[in-house]
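>>> Fold the following, please.
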Amino acid sequence: MNKNLVTNGIAAIIVAAGWFWQQPVVLSVGLFALSGALTNWLAVHMLFEKVPLLYGSGVIPARFNEFKAGIYQLVMSQFFSSDNIDRFITAKQQGSSGAESQPAFDFEPVIAKTDLSPTFDSLLKVVEQSSFGGMLSMFGGSAALLPLKEPFIDRLKTALTDISRSEEFNQLVLAQLDQPEQLQQIRDQVDTIVQQRLAELTPELVKQIIQQMIRQHLGWLVVWGGVFGGLIGLLAAFIQ
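The predicted structure is shown next:
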């Protein structure tokens, strides 16, 4: 339901009813409600859209550079600071040492998505160039080994997953990451990725992001603007 349309529509109906039946109290309530709803709707609209002759409108697209800088500072200083990365690795080390069945890092999703076909192709070249190459040519060449490709890759992924879950492997990974130069390298890589993604943002995209997050809730400003405007109008009518 469009809160803006409903609120302003109801206020307009009250205005029309008060004017048609010559009811000053109803007319006052409707006018104040309509003014409150319209001004709040205009304020919300001016956050995202540039309105001619209205200074300060379209503030979010106009300030998208500051918006991007704010995201960058938030991500790098709050989430990927050197202290946070160090605490993360320390927690991983403590967790790994406390329970051998719980690996510090889960590499299974990465291994599952990795294309290991080049590994099988390399194996074929090794066989072809070995002393078995001549014998293999008698049985159809390397094509005779192609049916083994999928089973070989499946077994290799299983073996790599088992290795990645071993205590020795995880300790080697943690020891490597625990080096100061490695921590800085990780942060530099994250910094590069964040800057690349932020460089892809445009004023229109920034506007859409913020609209998706808050415009639905800002619609209540219009509703309450109409409600409180109507109450003020009712009070004004009685004062008169």
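>>> Mind checking what helix or strand follows the lowest-mean-pLDDT helix or strand in the chain in sequence?
Least confident element among the helices and strands of the chain, by mean pLDDT, DSSP states H and E: helix 133-137 (a mean of 63). Once the chain leaves helix 133-137, the next helix or strand it forms, by DSSP states H and E, is helix 149-164.
>>> Tell me which stretches of the chain form strands.
Under the criterion DSSP state E, the chain carries no strands.
>>> State which helix of it is the longest.
Taking DSSP state H as the criterion, the chain has its longest helix at helix 203-239.
>>> other SSEs contacting it?
For helix 203-239, the elements it packs on are helix 3-20, helix 24-48, helix 59-62, helix 64-74, judged by 3 or more C-beta pairs under 8 Å, 6 or more residues apart in numbering; DSSP states H and E. The C-beta positions use only the backbone N, C-alpha and C, and glycine is treated the same way.
>>> and among those, the most buried is which?
Comparing the helices and strands packed on helix 203-239 by mean neighbour count (mean count of other C-beta atoms under 10 Å), helix 24-48 ranks first with a mean of 20.
>>> Of all residues in the chain, which one is nearest the centre?
Nearest to the geometric centre of the chain sits Ile209, at 9.8 Å (C-alpha atoms, centre = their mean).
>>> Would you mind splitting this protein into its domains for me?
In terms of domains, the chain is parsed into 3-64+207-239, 81-199 (source: automatic domain parsing).
>>> Need those in JSON lines (columns: distance to Gln73).
Listed next are the domains of the chain as JSON lines, based on distance: least, C-beta to C-beta, whole Å:
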{"stretch": "domain 3-64+207-239", "distance to Gln73": "15"}
{"stretch": "domain 81-199", "distance to Gln73": "10"}
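>>> so which of those domains is the most packed in?
Greatest average neighbour count among the domains of the chain goes to domain 3-64+207-239 (a mean of 17), per mean count of other C-beta under 10 Å.
>>> distance between the ends of that domain?
Using C-alpha to C-alpha, to the nearest Å, the end-to-end distance of domain 3-64+207-239 comes to 30 Å.
>>> what about it, distance to the chain center?
On the basis of C-alpha atoms, centre = their mean, to the nearest Å, domain 3-64+207-239 sits 32 Å off its chain's mean C-alpha point.
>>> And stretch 186-202, by the same measure?
Chain-centre distance of stretch 186-202: 14 Å, with C-alpha atoms, centre = their mean.
>>> quick one on the thing from earlier: of the domains of the chain, which is nearest Tyr72?
Smallest distance to Tyr72 across the domains of the chain (C-beta to C-beta): 6.0 Å, for domain 81-199.
>>> what about that closest one, how long is it end to end?
Domain 81-199 stretches 21 Å from its first residue to its last (C-alpha to C-alpha).
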